[in-house]
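[1] Structural data only, the sequence is not supplied:
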């Protein structure tokens, strides 16, 4: 009995340290999440600070708190911080080589926050992948595709690729091409197109809409329209203009040519003659 008691007494400090470590970890995750949400909410609600910076700062603070918690847990089991730093310093080259992709994502995340080629809510195209920016973390950028598919992209790939931001502008130009029959009057067709554009409140007057003949095709005279609008109106305005111009052409007797197949029948007498 005494021997069993002695064995239990020998393991008691380890059990206590394990219990403390579990408590520290649980509290660390809870506190880090609480502080991160507090920072995020305060910055997001601030009128002069961008939401992107709030989410990034919250993520940094969360990881810093978890790092301190990890060091505290190691100290419970006898690891000295100075020794730990020395070991990490000696192994820094190996760690750097092993985690070079992750470190590159981290550095790219910092560059994205500093130069801000896009922010939360922007519709972007990154390396041929389009979507709305939902979050910018330390290591990844999360996009939501137009069909609501979640896309997670490493920050290093985002920073190292061509970024097209469709939202970060006050105006955007829509360009449409209409083909009319050679028998129709191009001036009348251009006047009809401008009437349709001017009747739509979403089209901007400055810059003014432009319309002109840009190509004489095999079966049509091509007229190009360029009209400016707000980025949020771009897609729907293009669709509505295509439909409304078609209706206006029909009402004014302007034909839109389409491919025809002509069958020529030659009689036997004509072939022999």
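    Received, thanks. Keep in mind it's a predicted model, so treat the numbers as computed, not measured.
[2] Helices of the stretch 51-200 of the chain, residue ranges please.
    51-76, 81-90, 92-98, 100-115, 155-159, 186-199 (DSSP state H, counting those that start in this stretch).
[3] pLDDT of the fifth one, averaged?
    The predicted model assigns helix 155-159 a mean pLDDT of 91.
[4] what does stretch 228-247 give?
    95.
[5] before we move on, what about stretch 60-70?
    pLDDT averaged over stretch 60-70 gives 77.
[6] Off-centre distance for stretch 170-187?
    Distance of stretch 170-187 from its chain centroid, counting by C-alpha atoms, centre = their mean, to the nearest Å, is 31 Å.
[7] what sits up against it?
    166, 189, 193, 204, 207, 213-214, 217, 219-231, 234, 237-238, 241-242, 245, 249, 253-257 (C-beta atoms under 8 Å, 6 or more residues apart in numbering). The way it works is simple: take the backbone N, C-alpha and C, and place the C-beta from them, glycine included.
[8] Out of those residues, which end up buried?
    Neighbour counting by 16 or more other C-beta atoms under 10 Å classes 166, 189, 193, 204, 220-221, 223-225, 227-229, 231, 234, 237-238, 241, 245, 249, 254, 257 among the contacts of stretch 170-187 as buried.
[9] In strands only, show me the residues you listed.
    Here DSSP state E is the test, and the buried ones among the contacts of stretch 170-187 give 221, 223, 224, 225, 227, 228, 229 as lying in strands.
[10] how close does the second one get to residue 61?
    Look at residue 223 and residue 61: by C-beta to C-beta, to the nearest Å, they are 57 Å apart.
[11] for the first one, same thing?
    Note on residue 221: its distance to residue 61, by C-beta to C-beta, is 63 Å.
[12] Same question for the fifth one.
    Residue 227 sits at a distance of 46 Å from residue 61 (criterion: C-beta to C-beta).
[13] what do you get for the third one?
    Distance, residue 224 to residue 61, using C-beta to C-beta: 52 Å.
[14] ok, now the fourth one?
    For residue 225, the distance to residue 61 under the criterion C-beta to C-beta works out to 51 Å.
[15] so where's the stretch 1-150 of the chain shaky on pLDDT?
    Scanning the stretch 1-150 of the chain for pLDDT under 70 picks out 1-14, 17, 43-54, 76-101.
[16] Kindly recompute the last result at 90.
    Scanning the stretch 1-150 of the chain for pLDDT under 90 picks out 1-116, 119-121, 127, 135-140.
[17] Could I get the phi/psi values of the closest residue to residue 168 other than its chain neighbours?
    Spatial nearest neighbour of residue 168, excluding adjacent residues (C-beta to C-beta, 6 or more residues apart in numbering): residue 122 at 5.7 Å. With angles defined as degrees, to the nearest 10, residue 122 sits at phi -80, psi 140.
[18] Just give the number of residues close to residue 122.
    19 (other C-beta atoms under 10 Å).
[19] Which of the ones in strands among the buried ones among the contacts of stretch 170-187 sits closest to residue 197?
    residue 227 (5.4 Å; C-beta to C-beta).
[20] what sits against the nearest residue to that closest one once chain neighbours are set aside?
    Nearest non-adjacent residue to residue 227, counting by C-beta to C-beta, 6+ apart: residue 209, 4.4 Å away. Contact analysis of residue 209 by C-beta under 8 Å, 6+ apart lists 194, 197, 198, 203, 225, 226, 227, 228.
[21] Over to residue 29?
    residue 66.
[22] Check which helix or strand it maps to.
    Following DSSP states H and E, one finds residue 29 within helix 2-44.
[23] before we move on, what about residue 214?
    Residue 214 belongs to strand 210-216, assigned by DSSP H and E.
[24] Give me the sheet partners of that strand and which way each runs.
    strand 221-229 (antiparallel) (DSSP bridges).
[25] Can you list the neighbours in contact with the strand it pairs with?
    In contact with strand 221-229 (C-beta under 8 Å, 6+ apart) are residues 171-182, 184, 186, 189-190, 193, 197, 202-204, 206-207, 209-216, 237, 241, 245.
[26] Could you do stretch 120-134 as well?
    50-52, 55, 118-119, 135-136, 141-146, 149-151, 153, 157-158, 161-168.
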